[in-house]
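S.K.: The following comprises the amino acid sequence and a computationally predicted model.
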Amino acid sequence: MLSGLRISAAFLIALALSADARIRIIERDGRAIFPRRFGQEQCGGLFGELGSLPGCPGNVCGTLAGAAISKLLAASPVCDQQDHADAIIDAARAQDADVAAKMIDIAVRFRQCEKNTPPDFTTNPPTLRNSLFCQKAPKNAELDGLVQAQDPANDPNLFFDPATKTTVTLGAPGTIPFGGSTGDVETPSQETPAGETATSSEVAATTTAPVSSETPAVTETCPAVPTVTVTVTAGVPAETEQAASTTVSSPAPEETGNSGDNTDTSGEADLSGALDFGTCTDPTIEFGPAFEGRALREFTFKPVNKAEFPQGSALNGNIVTNAVCNILKNNCKAPQATVDACEAGKAAFAAASKGAAADAFNSALGIKSNFANVPAAPGGGPGSVELATTPNFNKCSPPTIIFAAGIDGRAEESFVPENRNDFTQGSALNGNIVTRAVCDTLVNKCDANQVAIDQCTAAQAATAGLSGQAFADAFNAVVLQNVAA
């Protein structure tokens, strides 16, 4: 019997080994079956990392790792994940300094893992739901301000209650982080080219099949994963975020209201006038695209110094500012004047949006930043005006089209994408079918930045009233603007 238990624990840990992705644990009757990778998920490998941590006894770390998986299942009590993260830290206190530091780091990351939630199958299509937030403070200060991530496809207003197995709506107990407000709830950023309506979530990407008829290309979504589309503004940002009503556009160099000079084009934060941060050095938060594996078109907030402030990126920056202030107070032991300034910075952040909100928070701490005009570089770090304004087609070539005879065996002239490996739309007499397909592909497959997506939409508009080669030339001229030769 003991042997069987050991095999089961080892099996569950092995299933969780995934180096670059937070896992979604597939369940049946409340038990884990196997993990599934999602590009933006950050917990893959944690269970195996803890279970095989050098220097940690197997009866400590192995047991904690085996138990951790169940804490992320949909039916687990709301505070189980936080309690288990506390248990890992408690156990770390009895280990040597190096092992303890690694265990605490794992606990912090585990606390921010996404928890399973089942879709609400009473709706058609089924509605994806968020997990409720624990409504008590963690035992250990290292976990202050941390909450679990939420699936970017979830309906921002709906939550799954594991106690009643029912849906509860935003505003009910547990639908906002402990000590927070409704502004602390993250919803995903799901953007589509301007003027279009999103038809699938980011985690179930849409693909366009080759066609050679005049009917528009049909988009197909994987039937195995119910999807929900949410459109939000990056300035109403989360590890749970409140829904907004407009589509996110490209970074906002034109934004005003930051604490610095709006003509400044520097991407570096200036800490020369910073306050006393106790044992910590840099609580700057940044605003930019593609943090922690997110899409290039998705702008979020995160701390610059993740070693001192281990809060994950969030569309709702209130989560980030709350975590930074809690860590300044509890971990960094910053003086009260700095703690008070940080609280004022949270209020200033909430009154602004996008990069200007980050600048307002940083300014309250004596840090000068200019994210309103110069967003951070993709993934984080100092950005530049060039990065913020140059189209990046990322995984694809520029979406140019051609107009010629003999395509796909046709006798007549037709339109088709120039690169048919990246853009699989078949030939069509109606050029609008092809341009729409290539612009959709930038979003669904290429992970292009918002500048490229907006430029493709502008190129579609530039073809109005044109036909034949003139149509193709007009479209190509716009999509190739500011593209390096």
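M.R.: Good, I have the coordinates. These figures come from a predicted structure and were not determined experimentally.
S.K.: Tell me how many other residues crowd L170.
M.R.: 18 (other Cβ atoms under 10 Å). (C-beta placed from N, C-alpha, C; glycine too.)
S.K.: cool, and D270?
M.R.: By the measure other Cβ under 10 Å, the count of residues near D270 is 16.
S.K.: Wait, it touches I367, no?
M.R.: Yes: under the criterion of Cβ atoms under 8 Å, D270 makes contact with I367 at 6.9 Å.
S.K.: where's the nearest residue to L480 once chain neighbours are set aside relative to V320, distance?
M.R.: Distance criterion Cβ to Cβ, 6 or more residues apart in numbering; nearest residue to L480, sequence neighbours excluded, is P398 at 5.8 Å. Relative to V320, P398 is positioned 35 Å away (Cβ to Cβ, to the nearest Å).
S.K.: Who has more neighbours out of those two?
M.R.: Using other Cβ under 10 Å, the more surrounded residue of P398 and V320 is V320, with 30 against 20.
S.K.: So that one lies in a helix, does it not?
M.R.: Yes: counting by DSSP: H, G, I helix; E, B strand; the rest coil, one finds V320 located in a helix.
S.K.: Using the three-state scheme, assign the nearest residue to it once chain neighbours are set aside.
M.R.: Once flanking residues are discounted, V320 sits nearest to F301: 4.6 Å by Cβ to Cβ, 6+ apart. Classification of F301 using three-state DSSP returns strand.
S.K.: Run through the stretch 151-300 of the chain and note the low-pLDDT ranges.
M.R.: Scanning the stretch 151-300 of the chain for pLDDT under 70 picks out 179-266.
S.K.: list the contacts for T400?
M.R.: For T400, the contact set (Cβ atoms under 8 Å, 6 or more residues apart in numbering) comprises 417-419, 475-476, 479-480.
S.K.: Tabulate those residues (a markdown table), appending pLDDT and distance to R129.
M.R.: A markdown table is the format used below for these (pLDDT from 0 to 100; distance: Cβ to Cβ, whole Å):
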| residue | pLDDT | distance to R129 |
| --- | --- | --- |
| P417 | 96 | 38 |
| E418 | 95 | 43 |
| N419 | 95 | 39 |
| F475 | 96 | 41 |
| N476 | 95 | 44 |
| V479 | 95 | 39 |
| L480 | 94 | 43 |
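S.K.: Out of the residues you listed, give me the one that has the most neighbours.
M.R.: Result: F475 is most packed of the contacts of T400 (other Cβ under 10 Å), 29 neighbours.
S.K.: for that residue, what are its contacts?
M.R.: F475 neighbours (Cβ under 8 Å, 6+ apart): 400-401, 431, 435, 459-460, 462-463.
S.K.: Could you list the buried residues of the helix or strand harbouring it?
M.R.: Using DSSP states H and E, the element containing F475 is helix 468-479. Within helix 468-479, the residues scored as buried using 16 or more other Cβ atoms under 10 Å are 471-472, 474-476, 478-479.
S.K.: CA atoms of that helix as CSV?
M.R.: What follows is helix 468-479 as a C-alpha-only set of coordinates in CSV (Å, rounded to 0.1, in the frame of the first residue of the first chain):
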residue,chain,number,x,y,z
GLY,A,468,-6.8,44.6,-59.0
GLN,A,469,-3.2,45.5,-58.7
ALA,A,470,-4.0,49.0,-57.3
PHE,A,471,-5.8,47.2,-54.4
ALA,A,472,-2.8,45.1,-53.7
ASP,A,473,-0.4,48.0,-54.0
ALA,A,474,-2.4,50.2,-51.6
PHE,A,475,-2.6,47.4,-49.0
ASN,A,476,1.1,46.5,-49.2
ALA,A,477,2.2,50.1,-49.0
VAL,A,478,0.5,50.6,-45.6
VAL,A,479,1.5,47.3,-44.0
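S.K.: Run a quick neighbour tally on the nearest residue to V478 once chain neighbours are set aside.
M.R.: With sequence-adjacent residues excluded and distances taken as Cβ to Cβ, 6+ apart, V478 is closest to A459, at 3.6 Å. Neighbour count for A459, taken as other Cβ under 10 Å: 23.
S.K.: gap between A459 and R436?
M.R.: A459 is 11 Å from R436, by Cβ to Cβ.
S.K.: Ok, A452 next?
M.R.: Using Cβ to Cβ, one gets 15 Å for the distance from A452 to R436.
S.K.: Among those two, which residue is more densely surrounded?
M.R.: A452 (29 against 20).
S.K.: could you say which helix or strand contains the spatially closest residue to the more buried one that is not a sequence neighbour?
M.R.: Excluding its sequence neighbours, the residue lying closest to A452 (Cβ to Cβ, 6+ apart) is P391, at 3.7 Å. Secondary structure assignment for P391, by DSSP H and E: no helix or strand.
S.K.: need the contact list for P391.
M.R.: 398, 448-449, 451-452, 455, 479, 481-483.
S.K.: Provide the backbone phi and psi angles at it.
M.R.: Main-chain torsions, P391, degrees, to the nearest 10: phi -70, psi 140.
S.K.: ditto for K368
M.R.: phi -100, psi 120.
S.K.: my read: it touches A274, true?
M.R.: No: K368 is beyond contact range of A274, at 9.1 Å (criterion: Cβ under 8 Å).
S.K.: Same drill for those two, tell me which one is more crowded.
M.R.: K368 (21 against 18).
S.K.: Run through the bridge partners of that one.
M.R.: Per DSSP bridges, the residues bridged to K368 are D270.
S.K.: residue contacts, the closest residue to A100 other than its chain neighbours?
M.R.: In this structure, A100 finds its nearest non-sequential neighbour in A92, 4.2 Å apart by Cβ to Cβ, 6+ apart. Contact analysis of A92 by Cβ under 8 Å, 6+ apart lists 99-101, 103-104, 107.
S.K.: top of those by neighbour count?
M.R.: Busiest of the contacts of A92 [other Cβ under 10 Å] is A107, holding 28 neighbours.
S.K.: Excluding covalently adjacent residues, which one is nearest to it?
M.R.: I88 (3.9 Å).
S.K.: Against G66, how distant is that neighbour?
M.R.: 12 Å.
S.K.: Pick out whichever of the two has more residues nearby.
M.R.: The neighbour comparison of I88 against G66 (other Cβ under 10 Å) goes to I88, with 25 against 20.
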